[in-house]
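S.K.: what shape does this take:
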Amino acid sequence: MSESRTPAQIEADIVRRREQLAVTLDEIGIRMHPKTIIGDAKAKVASTVDQTAGRAFVAVNRAVSDVKARFTHEDGAPRLERVVPVALVAVAVIGLLARSSRKGRR
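M.R.: Now for the predicted structure:
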């Protein structure tokens, strides 16, 4: 079943395919241009950084909420049975650091 086409039809088909190839080559040229490649790489890095920063923010927020829940009651009042020992340890550590700092200067 061969199709008989006229020379004008064949010529029109060749012109159409040339135009399609030209568009395809233009698209390839744009994709392979160094500025396009660099822009794509920058966008990918920025996206990765944004995702990482977002995950870090969520993790820190969760940790802060967990610590806050351990040191406060549900109504927001401090749990003195937990706050006081931590405060005493902090004061002791600061005192030891200050004392060792003074000894180093003598």
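S.K.: and the strands in the protein?
M.R.: Read by DSSP state E, the chain holds no strands at all.
S.K.: where do the helices sit along it?
M.R.: Taking DSSP state H as the test, the helices found in the chain are 7-32, 34-71, 80-105.
S.K.: would you turn these into TSV with mean pLDDT and mean neighbour count?
M.R.: For every residue, glycine as well, the C-beta is placed using N, CA and C. Formatted as TSV, the helices of the chain follow (pLDDT from 0 to 100; neighbours: other Cβ atoms under 10 Å):
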stretch	mean pLDDT	mean neighbour count
helix 7-32	95	10
helix 34-71	94	10
helix 80-105	89	10
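S.K.: how much space separates A59 from T52?
M.R.: Look at A59 and T52: by Cβ to Cβ, to the nearest Å, they are 11 Å apart.
S.K.: can you check V83 too?
M.R.: Distance from V83 to T52, by Cβ to Cβ: 34 Å.
S.K.: repeat that for A77.
M.R.: Applying Cβ to Cβ to A77 and T52 gives a distance of 36 Å.
S.K.: next one: K35
M.R.: 26 Å.
S.K.: likewise E27?
M.R.: For E27, the distance to T52 - Cβ to Cβ - is 32 Å.
S.K.: what residue, apart from its backbone neighbours, is nearest T36 spatially?
M.R.: I30 (5.9 Å; Cβ to Cβ, 6 or more residues apart in numbering).
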